[in-house]
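*Asks:* Using only what follows, build the 3D model:
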Amino acid sequence: MALARSRALVLAVALACASLAAHAAPPIEQQMTPEQFKAAGLNKLSPQELASLNTWLGRTIETETAKAAVAAKKKVEDENRGFFNFGSSEPVKSAITGEFRGFAMGRTYTLDNGQVWRQIDEASLAGVRKTHPEVVISPSVIGNAWYMGIKGYGTRAKVMRVK
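*Replies:* The predicted model follows:
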């Protein structure tokens, strides 16, 4: 259900932005009252200058709308990374907050980026104590499995994002 909600949110943002871009804004002289138009000094522009200004405004709105759509999509994907794959093979790179005491089934690992992951396999890395180690959590090639690796160690543990 959460997956459907996130996908729906990404789709809604993309459609809203595309809709804004598709419906070019009316010319500036139609967006302003005659008083605002005159107060801004736009009444002094020639028809060619006014047309040029409207063209520039249209391009700017389209460009900014496209940037906003990309940023909104990235934000949704980043915030939900680990819960859903979104078809990306980009790993999560961060560091464990506090001390890492090795891998063990059921342990939770809180990252500097605020994400919390729980180990769901039997991988072991006993006897390790490391403060604030760098981690890379990579998605599997197939399915929605994620694997955490600690910088400097070859062992990886299967993890599931819980927050």
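*Asks:* Verify the contact between Asn43 and Phe37 for me.
*Replies:* Yes - contact status for Asn43 versus Phe37: in contact at 5.9 Å, counting by C-beta atoms under 8 Å. Every C-beta, even on glycine, is put in place using the N, C-alpha and C of the backbone.
*Asks:* In terms of neighbours, single out the busier of these two.
*Replies:* Of the pair Asn43 and Phe37, Phe37 is the one with more neighbours under other C-beta atoms under 10 Å, namely 17 against 11.
*Asks:* Give the buried residues for the helix or strand hosting that one.
*Replies:* Under the criterion DSSP states H and E, the helix or strand holding Phe37 is helix 34-39. Buried residues in helix 34-39, counting neighbours by 16 or more other C-beta atoms under 10 Å, are found at Phe37.
*Asks:* contacting residues around the nearest residue to Val116 once chain neighbours are set aside?
*Replies:* Residue nearest to Val116 in three dimensions, not counting chain neighbours: Lys163, with 3.8 Å by C-beta to C-beta, 6 or more residues apart in numbering. Listed by C-beta atoms under 8 Å, 6 or more residues apart in numbering, the contact set of Lys163 reads 114-116.
*Asks:* Output these in JSON lines, with secondary structure, pLDDT and distance to Gln31 appended to each entry.
*Replies:* Output for the contacts of Lys163, formatted as JSON lines (DSSP: H, G, I helix; E, B strand; the rest coil; pLDDT from 0 to 100; distance: C-beta to C-beta, whole Å):
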{"residue": "Gly114", "secondary structure": "coil", "pLDDT": "90", "distance to Gln31": "41"}
{"residue": "Gln115", "secondary structure": "coil", "pLDDT": "91", "distance to Gln31": "43"}
{"residue": "Val116", "secondary structure": "strand", "pLDDT": "94", "distance to Gln31": "47"}
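*Asks:* Now rank those by neighbours and give me the top one.
*Replies:* Among these, Gln115 has the most neighbours (other C-beta under 10 Å), with 18 neighbours.
*Asks:* check contacts around that one.
*Replies:* Remark: with contacts taken as C-beta under 8 Å, 6+ apart, Gln115 is in contact with 81-82, 92, 94, 161, 163.
*Asks:* Let me see the domain layout of this structure.
*Replies:* According to the domain assignment given by automatic domain parsing, the chain is divided into the following structural domains: 2-80, 92-161.
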